[in-house]
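Chemist: The following comprises the amino acid sequence and a computationally predicted model.
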Amino acid sequence: MSEVHEPKKEPKKLFITEKIVRQPLTRRQVANRCMLFLLAAVLFGGTAGVSFAVSQPWVSRHFGGQPPTEPMISIPKDEPTEAASETESGTSPENRPEESSGEDHPTESQTPPESEAVEKLVRNAMENYQYTVDDLNSLFSSLRQQVQKASKGIVVVHSVQQEVDWFDNPVETTGSYAGAVIASTAQELLILTPEGAVEHADSIKVTFADGVEVSGRMKQQDTLSGMAIVSINVSDVSPETMKETEPLILGNSYLVREGDLVVALGSPAGIVRSVDYGFVSYIMKNVQAVDQVTRVFYTRISADSGRGTFLVNTSGELIGWTIKPEQENGNSGMTEAMGISDYKGILENLTNGLAAPCFGIEGQEVSEVMAERGLPHGIYVLNSVADRPAYNAGIQNGDIITHVDDREIKTMKDFQNTVDNLECGRLIHVIVQRNGRDQYAELEFQVTVGAR
């Protein structure tokens, strides 16, 4: 039997492997490479910056782009003056009891003889002076100048609607409303106008005092007050028209007194750019409105509230606008106007394109007399407006709001300022006191802030 020999396996060959270790860089080499990296960064960064600066206008012009961010418009709030507070509480400076300071104050019987003589001379001169028509014209000349200056801030807002007739032919209808230019930035003019000017408009046109017409857009609106803000691009307005257009200064309506002379601009005669004069006959204070209390001026001045009628004082400052009365009252022929100072917080939101926040109650602050009867301090809810945030959250008439968004609320001014600073759509924490069988019980609600 022959033997089977297996082939011999060749031994594995071993290969020599080496690990090449790079020599460490010297300090000089490290410094050179860092310098080269910095130079390259500066070179490429500068090239990119120049390229962007050169190409950005062309790209924006042909492909659109976001405009530069506009700074937020700030409207300073007004506080009721001491004199105003005294008037509201029924204590005027004339009938306020004098405080005894230990000093003798001159009374009418103690008036110096020299002052009496001067007063008598002035009184006699006024009584015996024969006034002429020229004197009357001179008296109104300065007022007329203020009216002419303020009128430069009044524009015509055209609400354009595209419709078709029975034969499908396009028909364009236009409604004219008065608008007041109340603010300007580097990029836009902002116009306050009745909500009807933007409510159903397919497009908006604005005509300035010199007859120039440009396109506008609705920036924001407030359905509760019936007012809106229209924006115009400054780039669409010629420098000559911009020079002739002066935004109205927002005045302080807390300083308005009964008997003050006011001027109506806009559409007092039902025609835009008409003018009327009148006196404030009565000021109703602490009028309940949604989320605020306000002042309402009564005057016999002509007004077309639907087309926009704005009130300015004798200094040409905007102090309010006429409103449509909710119901007929006994003041036949009287025009009602809302003071601007109670609206400045809402107006600041609207001019910045933000929806004005809404909580949704009509209320009054708990007075000391009410507190003595056992009511907690806070805002007594007179009316939780249906389908508004507070109503939807479960807040009822008769509840007393003590905290909103973790802030203690004692006065209507506290409440109004808090609401003005809320954000629409935000969920806030609200604490109320509700009258139970024996005592008030504390309840907590989560309220989603709405929009006016």
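Modeler: Okay, I see it. Quick caveat: nothing in here was measured; it's all calculated off a predicted structure.
Chemist: Please make it C-alpha for all contacts and neighbour counts, starting now.
Modeler: Fine.
Chemist: tell me the phi and psi of Tyr440?
Modeler: As for Tyr440, its main-chain torsions (degrees, to the nearest 10) stand at phi -80, psi 140.
Chemist: how is this structure carved up into domains?
Modeler: The chain breaks down into these structural domains: 154-244, 253-351, 357-451 (assignment by automatic domain parsing).
Chemist: Quick check: which of those is nearest to Ser115?
Modeler: domain 253-351 (28.0 Å; CA to CA).
Chemist: Centre of the chain to the closest one, how far?
Modeler: The chain centroid and the centroid of domain 253-351 are separated by 17 Å under CA atoms, centre = their mean, to the nearest Å.
Chemist: From one end of it to the other, what's the distance?
Modeler: The first and final residues of domain 253-351 sit 19 Å from each other (CA to CA, to the nearest Å).
Chemist: Run through the helices of the stretch 201-350 of the chain in chain order.
Modeler: Applying DSSP state H, counting those that start in this stretch to the stretch 201-350 of the chain gives helices spanning 239-244, 344-351.
Chemist: So what touches the longest one?
Modeler: When contacts are defined by CA atoms under 8 Å, 6 or more residues apart in numbering, helix 344-351 is touched by residues 73-77, 190, 219-222, 228-229, 355-356, 417, 420.
Chemist: Just the buried ones from the residues you listed?
Modeler: Members of these that pass the buried threshold by neighbour count (16 or more other CA atoms under 10 Å) are listed as 73, 190, 219-222, 228-229, 355-356, 420.
Chemist: List just the nearest of these to Gln145.
Modeler: Of all the buried ones among the contacts of helix 344-351, Gln145 sits closest to Leu190, with 24.1 Å by CA to CA.
Chemist: From the centroid of the chain, which residue is nearest?
Modeler: Within the chain, the residue whose C-alpha comes closest to the C-alpha centroid is Leu347; the distance, by CA atoms, centre = their mean, is 1.3 Å.
Chemist: Could you measure from it over to Ser274?
Modeler: Per CA to CA, Leu347 is found 25 Å from Ser274.
Chemist: Tyr391: neighbour count?
Modeler: 18 (other CA atoms under 10 Å).
Chemist: what comes into contact with the one helix or strand it maps to?
Modeler: When secondary structure is defined using DSSP states H and E, the element that contains Tyr391 is helix 389-393. With contact meaning CA under 8 Å, 6+ apart, helix 389-393 is reached by 358-361, 384-386, 445-450.
Chemist: Now it - C-alpha only, CSV.
Modeler: Taking C-alpha atoms only, helix 389-393 is exported to CSV below (Å, rounded to 0.1, in the frame of the first residue of the first chain):
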residue,chain,number,x,y,z
PRO,A,389,-62.2,85.4,26.6
ALA,A,390,-63.3,86.1,30.2
TYR,A,391,-66.8,84.8,29.4
ASN,A,392,-65.5,81.7,27.7
ALA,A,393,-63.2,80.9,30.7
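Chemist: Now that helix: buried residues?
Modeler: 389-391.
Chemist: so of the domains of the chain, which one's packed in deepest?
Modeler: Comparing these on average neighbours per residue, with mean count of other CA atoms under 10 Å, the densest one is domain 253-351 at a mean of 20.
Chemist: taking the mean pLDDT, what do you get for it?
Modeler: Averaging pLDDT along domain 253-351 gives 90.
Chemist: Likewise for stretch 79-99?
Modeler: Summarised as a single mean, pLDDT over stretch 79-99 is 46.
Chemist: for stretch 125-139, same thing?
Modeler: Confidence over stretch 125-139, taken as the mean pLDDT, stands at 75.
Chemist: Which positions within it qualify as buried?
Modeler: Along stretch 125-139, not one residue counts as buried under the neighbour rule (16+ other CA under 10 Å).
Chemist: Show me where the stretch 1-150 of the chain dips below the pLDDT cut-off.
Modeler: For the stretch 1-150 of the chain, the stretches with pLDDT under 70 are 1-34, 36-71, 81-114, 126.
Chemist: how many neighbours does Leu121 have?
Modeler: A count of neighbours around Leu121, defined by other CA under 10 Å, yields 11.
Chemist: Spit out the contact partners of it.
Modeler: When contacts are counted by CA under 8 Å, 6+ apart, Leu121 is found next to no other residue.
Chemist: Give the helix, strand or coil label for it.
Modeler: When the structure is split into helix, strand and coil by DSSP: H, G, I helix; E, B strand; the rest coil, Leu121 lands in helix.
Chemist: if we take the buried residues of helix 389-393, which one ends up nearest to Leu375?
Modeler: Nearest member of these to Leu375, counting by CA to CA, is Ala390, at 20.5 Å.
Chemist: can I get the helices of the stretch 201-350 of the chain in JSON lines with distance to Ile154?
Modeler: Converted to JSON lines, the helices of the stretch 201-350 of the chain look like this (distance: least, CA to CA, whole Å):
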{"stretch": "helix 239-244", "distance to Ile154": "11"}
{"stretch": "helix 344-351", "distance to Ile154": "17"}
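Chemist: quick one: which of the ones you listed is nearest Met412?
Modeler: Go through these one by one with CA to CA and the one that ends up closest to Met412 is helix 344-351, at 13.8 Å.
Chemist: coming back round to it: of the buried ones among the contacts of helix 344-351, which is the nearest to Asn435?
Modeler: When these are compared for distance to Asn435, the smallest value, 27.9 Å, is given by Asp420; criterion: CA to CA.
Chemist: for the closest one, phi and psi?
Modeler: Main-chain dihedrals, Asp420, degrees, to the nearest 10: phi -60, psi -30.
Chemist: which ones are touching it?
Modeler: Applying CA under 8 Å, 6+ apart, we find Asp420 in contact with 345-346, 356-357.
Chemist: where's it relative to Lys344, distance?
Modeler: With the distance defined as CA to CA, Asp420 ends up 9 Å from Lys344.
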